[in-house]
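Visitor: pasting the structure only:
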């Protein structure tokens, strides 16, 4: 019963590409600006309404981003992110590295700040199967709350458990609070405010199996 849990968007799915190109559909030439503005608003929306569906979060954060950047948003355009999310691209390193984990006997799970229906559509694009999924809809909260992690622990009782994710704030910090072995997938070369929180770091999924087994080894 060895498990690796993953965040999905940003770790396995190219979340930034998805938001940027989706924003281009409603505001050509403004995708990069709206992506950065969206990033500034999403967590605030989640913190204000932790039980609301992720579809609402996507729409409201995009509305606020457009208002901040003075980009006109059509009446029906705020739904564009939820509508395109199932087609956001999978990172090219996902198939080989997750397959290697499965072949080595690790079970895979997703802990995602997403709705059940949206992640179900996304899973059809992921090249390997996952044995478990915990969504924000299931947990009644958004990461960096501990709720996803606690629900996974109580539901599956993992004997060995490593968490791997791209977001330092949403994933590495709560995994650290809970004492979980963890691997930071630092796709954007970010600098952690506390390097001790991320003892195992990779620039992508390359070498993930070795990093996971090192993280899981008894200290």
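Guide: Received it, and whenever you're ready, just let me know what you need. Because the structure is predicted, anything quoted here is derived from the model rather than measured.

Visitor: what are the buried residues along the biggest helix by length in the chain?
Guide: Of all the segments assigned as helix in the chain under DSSP state H, the longest by residue count is helix 31-48. Within helix 31-48, the residues scored as buried using 16 or more other Cβ atoms under 10 Å are 31, 33, 34, 35, 37, 38, 41, 42, 43, 45, 46. Glycine gets a C-beta too; all of them are placed from N, C-alpha and C.

Visitor: okay, those in a markdown table with distance to residue 123 next?
Guide: A markdown table is the format used below for the buried residues of helix 31-48 (distance: Cβ to Cβ, whole Å):
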| residue | distance to residue 123 |
| --- | --- |
| 31 | 26 |
| 33 | 31 |
| 34 | 27 |
| 35 | 24 |
| 37 | 29 |
| 38 | 23 |
| 41 | 27 |
| 42 | 22 |
| 43 | 24 |
| 45 | 24 |
| 46 | 22 |
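
Visitor: closest to residue 90 among these?
Guide: Nearest to residue 90 among those: residue 35, at 18.6 Å, using Cβ to Cβ.

Visitor: can you pull the contacts of the closest one?
Guide: Going by Cβ atoms under 8 Å, 6 or more residues apart in numbering, residue 35 touches 16, 19, 20, 23.

Visitor: out of those, who's nearest residue 72?
Guide: residue 23 (12.7 Å).

Visitor: could you count how many residues lie near that closest one?
Guide: 28 (other Cβ atoms under 10 Å).

Visitor: which phi and psi values does it adopt?
Guide: phi -60, psi -30 (degrees, to the nearest 10).

Visitor: quick check: it touching residue 34?
Guide: Yes - shown here, residue 23 and residue 34 form a contact pair, counting by Cβ atoms under 8 Å, at 4.0 Å.

Visitor: can you show me the strands along this protein?
Guide: 2-6, 107-112, 132-135, 160-165, 182-185, 201-202 (DSSP state E).

Visitor: most tightly packed of the ones you listed?
Guide: strand 182-185 (a mean of 27; mean count of other Cβ atoms under 10 Å).

Visitor: overlap of the contact sets of residue 23 and residue 34?
Guide: residue 62.

Visitor: quick one: contacts for the residue lying closest to residue 100 once chain neighbours are set aside?
Guide: Of all residues not flanking residue 100 in the chain, residue 209 sits nearest, at 4.7 Å (Cβ to Cβ, 6 or more residues apart in numbering). The contact partners of residue 209, taken as Cβ under 8 Å, 6+ apart, are 97, 100, 101, 104, 106.
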